[in-house]
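Undergrad: Sequence and computational prediction follow.
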Amino acid sequence: MSFLLTLLLAVQVIYSSPVNYEVTLAGNFGEPRPNHFHGGIDVKTGQVEGKPIFSIGDGYVSEVTIGLYGFGNAVYVRHPEGYTSVYCHLKKFTPQIRAMVRRQQYRQHQSEGSFRFRPGEIPVSSGQLIAVSGNTGSSQAPHLHLEIHDNVTWNMLDPLEFLGDIVQDNTPPQAHGFMAYPQEGEGVFNGSGTKSCYGFPGTSLSRKFTAWGKVGFGLWANDYTETTYNNYGVRHTQLLVDGLPVFESDVNNIPVQANRLVNSWGDYEHYLRSHVWYMKSFIDEGNDLKILSADQRRGIIDFNEERDYRIEYVLSDFRGNSRTYSFTVTGERRALPKGKTCPAKNLLRADRTSLYQLPGMQLRLRKGLLPVTTALRPQVRRQPSALSDSYSFALTSTPLVDYGQISIRLNREVAHPDKLYIVSDWGNGQYMGGTFKDGWVTGKVRELAAHYTVAMDEEAPRVTLSGLSGGVLTVTIAENESGLASFEAFVDGQFVLFERVGKGPTFRCRLKDTPVEKTGTTRELRFTATDNRHNVRQVTARFVY
């Protein structure tokens with residue numbers, strides 16, 4: 001490596017603030033959430049929309065997305081230092097960006113999607129206004145969600161590493177409790193072979209605990225700042241036994257495709273019952289998150305001597321504010337309980353591809369989709385009068401790391417098999433795709449507790465035109481089966497853009513913003529909506545403009 005390259009790598013990149021007021025956070029990077037890590041920081045906007053948003057560095061707008069990933073309206077700025085900053089939940093863009101996006105929308109005949117730009121098309125400077133804040137997408141309240149990604153790997157990076165001292169923080173993380181996880185058939189803690197939790201009334205527990213055999217630990221902890229009452233995820237955690245590290249986590253540089261491994265690092269089962277995350281201080285056999293490291297026993301402690309073991313947790317935030325918690329566990333020899341047994345045919349291993357079959361169903365999970373070896377609890381609902389039987393594989397929520405494949409046999413022939421698809425009944429019916437071959441429909445699976453069955457969609461989306469009012473055309477689209485795939489609209493054969501109103505199914509077209517000139521004559525609107533099974537609804541209406 002050259003001296004110059006070494007020097008460049010050693011220089012920390014510092015960007016400017018995305019807002020022009022003191023930054024307080026509603027959420028920090030890497031907070032554990034069901035099925036994903038929080039991929040950025042949430043900057044408060046005072047519960048209002050319309051705050052100016054600035055580029056944090058020099059670069060160019062490489063992409064704008066509308067209606068994707070729950071981001072609502074989002075701007076991507078690519079920086080020459082090798083990073084891309086992403087600004088999400090925006091209300092609107094600056095006129096220059098809006099004009100370039102609109103040109104792409106008309107070129108692609110779509111109002112929502114991804115719109116990409118080449119270097120030089122929309123250059124921006126550090127501190128340049130690019131948008132105003134909003135509440136679009138899956139946002140629950142007005143705020144700015146800011147992400148930073150590595151341009152090569154697209155890994156998610158902690159934005160606070162790049163934003164200098166914009167967040168005031170002299171408060172160390174705080175632990176609330178720990179969980180003991182005796183390994184099934186191999187360990188006990190306080191005389192029990194089941195997991196149990198204990199509070200941290202202080203940093204050093206006087207109570208002594210007993211253990212024998214193999215036991216893992218988990219921690220419930222949060223980070224805080226002095227400027228707000230919000231709680232955050234903990235950046236750095238270290239577990240030591242008798243002064244030696246056995247586990248460490250550093251929540252930064254997370255691959256996007258590893259998002260759902262948060263359910264493996266955290267105690268997902270406990271979270272569903274309590275909405276409290278205990279993050280494990282050991283690594284599941286199929287969890288390859290690079291932000292976690294452990295000793296050769298994956299962080300599981302073997303209490304195999306009759307003596308005192310000193311257990312310490314060291315927690316710190318991105319500023320280096322640190323706090324240590326400790327307790328003592330005494331090795332106390334005792335018989336270990338027997339582990340549970342499960343039929344081998346229902347046991348899916350984490351270290352290999354699994355093929356599981358029931359009459360009329362085949363489930364295929366490639367290696368890596370299960371972070372732990374999992375015992376299935378299959379349920380089959382016989383439905384002779386339906387298109388297929390219904391299948392489920394777990395009694396409680398069991399999410400996969402990514403999509404697996406499920407094939408279900410039809411109970412009867414249908415006239416239009418291209419209209420068939422797999423539906424996941426998990427809260428509400430979710431479209432999981434579908435291809436038909438030789439009496440079977442194959443689609444996706446991602447939650448083992450959901451019920452999967454074959455559905456058919458032969459009905460086109462319902463489209464309601466509200467006519468012209470104040471120079472605005474309004475359309476509402478209802479699609480409750482396979483889901484809306486696309487729509488487009490034309491006035492007198494000329495494409496016009498309809499944009500979503502809020503978070504609902506209503507779309508509006510402001511004719512003054514379209515290429516259609518106002519002439520006071522009768523015009524014809526033709527609106528076409530297509531669902532995921534290629535059913536098409538086309539409606540027309542006449543109006544004077």
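TA: Sure, I can see it.
Undergrad: hey, let's count contacts and neighbours off CA atoms from now on
TA: Will do.
Undergrad: need the helices for the stretch 201-350 of the chain, in chain order.
TA: For the stretch 201-350 of the chain, helices defined by DSSP state H, counting those that start in this stretch occupy the ranges 262-265, 268-274.
Undergrad: Which one, of those helices, ends up nearest to R319?
TA: helix 262-265 (23.4 Å; CA to CA).
Undergrad: Show me what the closest one packs onto, helices and strands only.
TA: strand 36-37 (3 or more CA pairs under 8 Å, 6 or more residues apart in numbering; DSSP states H and E).
Undergrad: Mind doing that once more with 10 Å?
TA: Using 3 or more CA pairs under 10 Å, 6 or more residues apart in numbering; DSSP states H and E, the elements in contact with helix 262-265 are strand 32-33, strand 36-37, helix 268-274, strand 279-280, strand 399-409.
Undergrad: Which among the helices of the stretch 201-350 of the chain is found nearest to A489?
TA: Smallest distance to A489 across the helices of the stretch 201-350 of the chain (CA to CA): 41.6 Å, for helix 262-265.
Undergrad: Can you list the neighbours in contact with the closest one?
TA: 30-37, 218, 268-269, 271, 277-289, 292, 370-372, 398-401 (CA atoms under 10 Å, 6 or more residues apart in numbering).
Undergrad: mind running it again at 8 Å?
TA: Contact with helix 262-265 is made by 32-37, 279-280, 283-284, 287, 371-372, 399, as judged by CA atoms under 8 Å, 6 or more residues apart in numbering.
Undergrad: what's the most buried one of the helices and strands packed on helix 262-265?
TA: strand 279-280 (a mean of 24; mean count of other CA atoms under 10 Å).
Undergrad: sorry, back to before: E81: which of the contacts of helix 262-265 is nearest?
TA: Proximity of these to E81 (CA to CA) peaks at F37, which lies at 24.6 Å.
Undergrad: May I have the beta-bridge partners of the closest one?
TA: Taking DSSP bridges as the rule, F37 bridges to P32.
Undergrad: Show the contacting residues for it.
TA: Taking CA under 8 Å, 6+ apart, we find F37 in contact with 29-31, 259-260, 262.
Undergrad: And A211, by the same measure?
TA: With contact set as CA under 8 Å, 6+ apart, A211 has these partners: 187-191, 303, 329-333.
Undergrad: hmm, 10 Å instead?
TA: A211 sits next to 180, 182, 187-193, 301-306, 308-309, 329-334 when contact means CA under 10 Å, 6+ apart.
Undergrad: Against I283, how distant is it?
TA: 20 Å (CA to CA, to the nearest Å).
Undergrad: List the buried residues in the longest strand anywhere in the chain.
TA: In the chain, ranked by residue count with DSSP state E as the criterion, the top strand is strand 204-222. Residues 209-222 are the ones in strand 204-222 that count as buried (16 or more other CA atoms under 10 Å).
Undergrad: ok, back up a step: tabulate the helices and strands packed on helix 262-265 (TSV), appending distance to V167.
TA: TSV is the format used below for the helices and strands packed on helix 262-265 (distance: least, CA to CA, whole Å):
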stretch	distance to V167
strand 32-33	21
strand 36-37	21
helix 268-274	29
strand 279-280	25
strand 399-409	33
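Undergrad: how about these in CSV, adding mean pLDDT?
TA: Output for the helices and strands packed on helix 262-265, formatted as CSV (pLDDT from 0 to 100):
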stretch, mean pLDDT
strand 32-33, 96
strand 36-37, 97
helix 268-274, 96
strand 279-280, 98
strand 399-409, 97
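Undergrad: sorry, back to before: for the helices of the stretch 201-350 of the chain, which one sits closest to L205?
TA: helix 268-274 (23.3 Å).
Undergrad: packing partners for the closest one?
TA: With contacts taken as 3+ CA pairs under 10 Å, 6+ apart, helix 268-274 sits against helix 262-265.
Undergrad: chain center to the helix it packs on: distance?
TA: What separates the centre of helix 262-265 from the centre of its chain is 12 Å, taken as CA atoms, centre = their mean, to the nearest Å.
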